[in-house]
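[1] From the sequence below, what's the structure:
(chains A and B)
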Protein chains: 2
Amino acid sequence: MSAQKPSIPRGTRDFGPQQVARRNYIFGTIRRVFEKFGYAPLETPTMENLSVLTGKYGEEGDQLLFKILNSGDFAKDVTAEDLAAGAKKVLPKVAEKGLRYDLTVPFARYVVMNRNLLTLPFKRYQIQPVWRADRPQRGRYREFVQCDADVVGTTSLLCEAEIVLMIDEVLSTLGLTDFTIKINHRGVLSGIYQALGGVGSEPDLFVAIDKLDKIGVEGVSNELRQRGFTDEAIEKVFNYLEVDGSFEEKLTQLRTAFGADGVLADATAGPAKGLTDLEQVQGYLQDFGFENFQRLDFDVTLARGLSYYTGCIFEVKVNNVQMGSISGGGRYDNLTGAFGMPGLSGVGFSFGVDRIYDVLEELQLFPEGAVSAPLCLIANFDQEGRATVLPLLRQMRNAGLAAELYPEVSKLKKQFEYADKRGIRYMLLAGPDERAAGLVKLRDMRAGTEVTLPSGEVISRLLELSAEQR
Amino acid sequence: MSAQKPSIPRGTRDFGPQQVARRNYIFGTIRRVFEKFGYAPLETPTMENLSVLTGKYGEEGDQLLFKILNSGDFAKDVTAEDLAAGAKKVLPKVAEKGLRYDLTVPFARYVVMNRNLLTLPFKRYQIQPVWRADRPQRGRYREFVQCDADVVGTTSLLCEAEIVLMIDEVLSTLGLTDFTIKINHRGVLSGIYQALGGVGSEPDLFVAIDKLDKIGVEGVSNELRQRGFTDEAIEKVFNYLEVDGSFEEKLTQLRTAFGADGVLADATAGPAKGLTDLEQVQGYLQDFGFENFQRLDFDVTLARGLSYYTGCIFEVKVNNVQMGSISGGGRYDNLTGAFGMPGLSGVGFSFGVDRIYDVLEELQLFPEGAVSAPLCLIANFDQEGRATVLPLLRQMRNAGLAAELYPEVSKLKKQFEYADKRGIRYMLLAGPDERAAGLVKLRDMRAGTEVTLPSGEVISRLLELSAEQR
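    Model prediction:
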């Protein structure tokens, strides 16, 4: 076989030591918060049956599914007529499995398959990669990790309040301070549509509102006008979208406006339910003693995922950084209907780790500890030194420190370069003279400084230095 | 769309909360040891180009690769003639990517693609799933996780000694005590063949020896006889395989026998190199102060991976448990030749996590802490209690404890059942009477006992109980 120049598929990535360490730092932070809030981990297979995946993500999603070729003589049932009819006709005969496209459908599938074993409410989190045959571009990959947490089987708004707490804790723990947790409610958006008294279509309204950030008031107005909304209706829409003030003030203004427009008749659904839900979420947060209300923004223009969200909606943006939302979610009321188990309500959210990674990098927020280099490299002077340095190496590791001996006796310059390139902070030097005196030199590779100390003290010194580095 | 009964593909698994927690306990233990020994994490994409994968695992391996159907109109270049010619002809036109089959080929591909950036020696570990379209059976899955550590770019036998230390530390940390780390050397096996003076073929000899465990002396003798080995040669083979005693004693016996058979002429290769390599590994372990030599077995019959291993060979078995090897590895000298970068030597090994999981389960060695349930569930008596219990809940989490409030006010019986089924150890009860008195009840769900204490003391009490549980 002739040698080839290897490559990786478009839209996929290798993660080297530093990237893995930094990504694990983010995953670990998210995981710890999820677990503190009582969410339990779930992992589902990379491959799902296409019968489970197909039809769950719309026509476009079906196109973007990666399909796995059946094993063995996969083409045996394909006829020339199938070929002539095209890929759609051939597909069912050559592939019955696909790669996970998101974590929600596998979660729903799991809940249905295990319905008799699960205790509701069921709180699960899932941190796994997903695959989409999308056109790769900056920040968009064909393999990327999603971090979802969902609770199903309860309508308690405690869950929504805890989502705010979890988002706040994860991002704060990662060192972010200037971010906004936007919250809205499907009922409030419906209320705005109802207030128009039957003008236009509800989906058209939501699609237009969702673009406000991008195309501005003028753009949204134009779009609504094209979709058949009257000038009067458009003015009313913007009156709603421009409610202002604190969380409470917005609630009060909306309650007044909805009242005037006569859409609060049913206190248990639609806009009235939207307002009381939001009030309750706020109440829970107050009882929790949540200190960061300034980060929580009741944003009437937030209109994401409206084909499935039925209650609260969340979206999180980092301020002063050019980046899309880094987290989002909402309440849905029919997670498992497609699998024959209707009426299961839940609420969930997820973190976009690739974006969070880029933000932390831009703001230089990765801690020094989030690298995956040993703390100490022991220089390899000579074979005679083994009896001294190998026990030291063992003691370091027994003390929980990551350390290594350069594996070969070679020029010190080469060993220094190795430590340097790997980002190893300390080098331990125990040449013949030091060994004879029971001493070692410890060199701080970053500072370029060196101390000499009794070899019996090196472990405790390294433990101190390691603690400082955290 | 009509509702369907969902399922998962054959040979794949969902992992629920307890399984994920226990698997992560194993992965975490392995990861920490790898990192303490200076290995850095690498992650490669799930999909690799088929040009990278094909031809690396033999004819059978190529069959077992999962291939990904190209996106879009994948069948457009397939002709009726291709169909008639069969899957082999169709495959290159419909699929150019496949799922990772092991971690070694992606590692080799990564090394070659990054050859100009990497500092040698390069020590990497990789813990990721792989996929094989094998026939599923008990203990054999189509998706399973491999845990590999390799160091390339050095021939130092320090690496082999450290593999013994890592295996010993990982398994000891997991609570295993009765296991055997078998070690052998390709050069020793070659020496046995050379000692036969040209009878039979070397691969035939190794294939037969490797079966000794399964088919016994009689079986191996028969097989060798069928392959053209003379009775005299077979007797000589068994004289070698039956060397006995301590590590040193075996080395001495082999040196004597090899000397008598005249195969030690070249001191830098073959059997002579095998014996000195093993001696050196032992010497390194002695200098390290390795205490568990009784677990290290120089096993002349160990003959795995002989198509790629060129130096030391490892295999680990748990004694007194019916289970194949749980770890193995060896030194190779041409990792990247297929990608046009010849002569790169390295040594690596891996852990079989599914088998380790089953062993720990059988021996009941999973610690109580390796479950993923919150420590405490706060009962939800009434809406009025919120102002008391939500701050308590927040304090628990701020103290690093996993805890939750039952999300709805409902019957205590139901809340107890929930705690019980989720494996939550403690329940905190703060009904109207307790709240009025500033007290809470803390119930140990396992012991069935209950204590009443001031609500101000509950956090410190739970921290104590949590520490005990570790």
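[2] mind listing what A:F229 touches?
    A:196, A:199-200, A:204-205, A:237 (Cβ atoms under 8 Å, 6 or more residues apart in numbering or on different chains). No exception for glycine: its C-beta is placed from N, CA and C like everyone else's.
[3] I meant to write A:L363 there.
    Residues near A:L363 by Cβ under 8 Å, 6+ apart: A:175-176, A:321.
[4] one step back: make TSV out of the contacts of A:F229 and add pLDDT, secondary structure and neighbour count.
    Putting those into TSV (pLDDT from 0 to 100; DSSP: H, G, I helix; E, B strand; the rest coil; neighbours: other Cβ atoms under 10 Å in any protein chain shown) gives the following:
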residue	pLDDT	secondary structure	neighbour count
A:L196	94	coil	21
A:V199	91	coil	18
A:G200	91	coil	19
A:D204	93	helix	16
A:L205	95	helix	26
A:V237	95	helix	23
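[5] Show me which of the residues you listed is closest to chain B.
    Nearest to chain B out of these is A:D204 (Cβ to the nearest Cβ; 24.9 Å).
[6] Three-state assignment for the nearest residue to A:L53 once chain neighbours are set aside, please.
    In this structure, A:L53 finds its nearest non-sequential neighbour in A:G98, 4.9 Å apart by Cβ to Cβ, 6 or more residues apart in numbering or on different chains. Secondary structure, DSSP: H, G, I helix; E, B strand; the rest coil: A:G98 is strand.
[7] Closest residue of the stretch 101-250 of chain A to chain B?
    A:S156 (3.6 Å).
[8] Give me the neighbour count for the residue nearest to that residue when sequence neighbours are not counted.
    Spatial nearest neighbour of A:S156, chain neighbours left out: B:P407 (3.6 Å); criterion: Cβ to Cβ, 6+ apart. B:P407: 20 surrounding residues under other Cβ atoms under 10 Å in any protein chain shown.
[9] So B:P407 lies in a strand, does it not?
    No - judged by three-state DSSP, B:P407 forms no part of a strand; its state is coil.
[10] List the buried residues in stretch A:438-452.
    Buried residues in stretch A:438-452, counted by 16 or more other Cβ atoms under 10 Å in any protein chain shown: A:439-443, A:445.
[11] Among those residues, find me the one that's closest to A:D433.
    Nearest to A:D433 out of the buried residues of stretch A:438-452 is A:L439 (Cβ to Cβ; 8.3 Å).
[12] Tell me which residues touch the closest one, please.
    With contacts defined as Cβ under 8 Å, 6+ apart, A:L439 is in contact with A:430, A:452-455.
[13] hmm, try it at 10 Å
    A:429-431, A:433, A:452-458 (Cβ atoms under 10 Å, 6 or more residues apart in numbering or on different chains).
[14] okay, and for chain A, where does confidence drop off?
    Scanning chain A for pLDDT under 70 picks out A:1-4, A:370, A:470.
[15] domain parsing for it?
    Annotated domains of chain A cover A:179-319, A:376-469 [automatic domain parsing].
[16] Of all those, which one is nearest B:Y39?
    domain A:376-469 (8.8 Å).
[17] which of the contacts of A:L363 count as buried?
    A:L176.
[18] Include distance to B:V164 and secondary structure when you put the contacts of A:L363 into a markdown table, please.
    Listed next are those as a markdown table, based on distance: Cβ to Cβ, whole Å; DSSP: H, G, I helix; E, B strand; the rest coil:
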| residue | distance to B:V164 | secondary structure |
| --- | --- | --- |
| A:G175 | 41 | coil |
| A:L176 | 44 | coil |
| A:V321 | 49 | coil |
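[19] Any idea how many residues pack against A:L296?
    20.
[20] List the buried residues for stretch A:314-332?
    The neighbour-count check on stretch A:314-332 (16+ other Cβ under 10 Å) flags A:314-318, A:325-332 as buried.
[21] Around the residue nearest to A:L53, how many other residues sit close by?
    The local packing of A:G98 (other Cβ under 10 Å) involves 24 other residues.
[22] quick one: contacts for it?
    Taking Cβ under 10 Å, 6+ apart as the contact definition, A:G98 lies against A:46-54, A:62, A:65-68, A:131, B:9, B:68-69.
[23] Go through these and flag which are in helices.
    Here DSSP state H is the test, and those give A:50-53, A:62 as lying in helices.
[24] Please identify which of those is nearest to chain B.
    A:V52 (5.1 Å).
[25] Contact partners for the closest one?
    So A:V52 contacts A:97-98, A:100, A:105-106, A:108-109, A:112-113, A:338-339, B:4, B:6-9 (Cβ under 10 Å, 6+ apart).
[26] coming back round to it: ok, of the ones in helices among the contacts of A:G98, which come out buried?
    In the ones in helices among the contacts of A:G98, the ones that pass as buried (16+ other Cβ under 10 Å) are A:50, A:52-53, A:62.
[27] now those as TSV including distance to B:A161?
    Listed next are those as TSV, based on distance: Cβ to Cβ, whole Å:
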residue	distance to B:A161
A:L50	50
A:V52	49
A:L53	48
A:D62	54
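[28] center of chain A - which residue?
    By Cα atoms, centre = their mean, chain A has its centre lying nearest to A:F351, at 2.4 Å.
[29] any idea how far A:V409 lies from chain B?
    9 Å (Cβ to the nearest Cβ, to the nearest Å).
[30] ignore the last one, A:K411
    Counting by Cβ to the nearest Cβ, the gap from A:K411 to chain B is 14 Å.
[31] Could you pull up the residues touching that residue?
    With Cβ under 10 Å, 6+ apart, A:K411 has these contacts: A:E417.
[32] cool, A:F179 as well?
    If a contact means Cβ under 10 Å, 6+ apart, then A:F179 has A:167-168, A:171-172, A:292, A:295, A:316-321, A:326-327, A:359 as its contacts.
[33] For it, give the beta-bridge partners.
    A:V318 (DSSP bridges).
[34] Just the buried residues from the contacts of A:G98, in PyMOL please.
    Only the buried entries of those go into this PyMOL selection, using 16+ other Cβ under 10 Å:
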select buried, (chain A and resi 46+47+48+49+50+52+53+54+62+65+66+67+68+131) or (chain B and resi 9+68+69)
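[35] can you pull out the helices in the stretch 151-300 of chain A?
    Remark: helices assigned in the stretch 151-300 of chain A by DSSP state H, counting those that start in this stretch are A:158-173, A:186-195, A:202-210, A:212-226, A:231-241, A:247-260, A:270-288.
[36] now the ones you listed in a markdown table, with distance to A:A379?
    Listed next are the helices of the stretch 151-300 of chain A as a markdown table, based on distance: least, Cβ to Cβ, whole Å:
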| stretch | distance to A:A379 |
| --- | --- |
| helix A:158-173 | 37 |
| helix A:186-195 | 64 |
| helix A:202-210 | 60 |
| helix A:212-226 | 57 |
| helix A:231-241 | 66 |
| helix A:247-260 | 61 |
| helix A:270-288 | 53 |
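[37] of those, which approaches B:D14 most closely?
    Among these, helix A:158-173 comes nearest to B:D14, with 23.2 Å by Cβ to Cβ.
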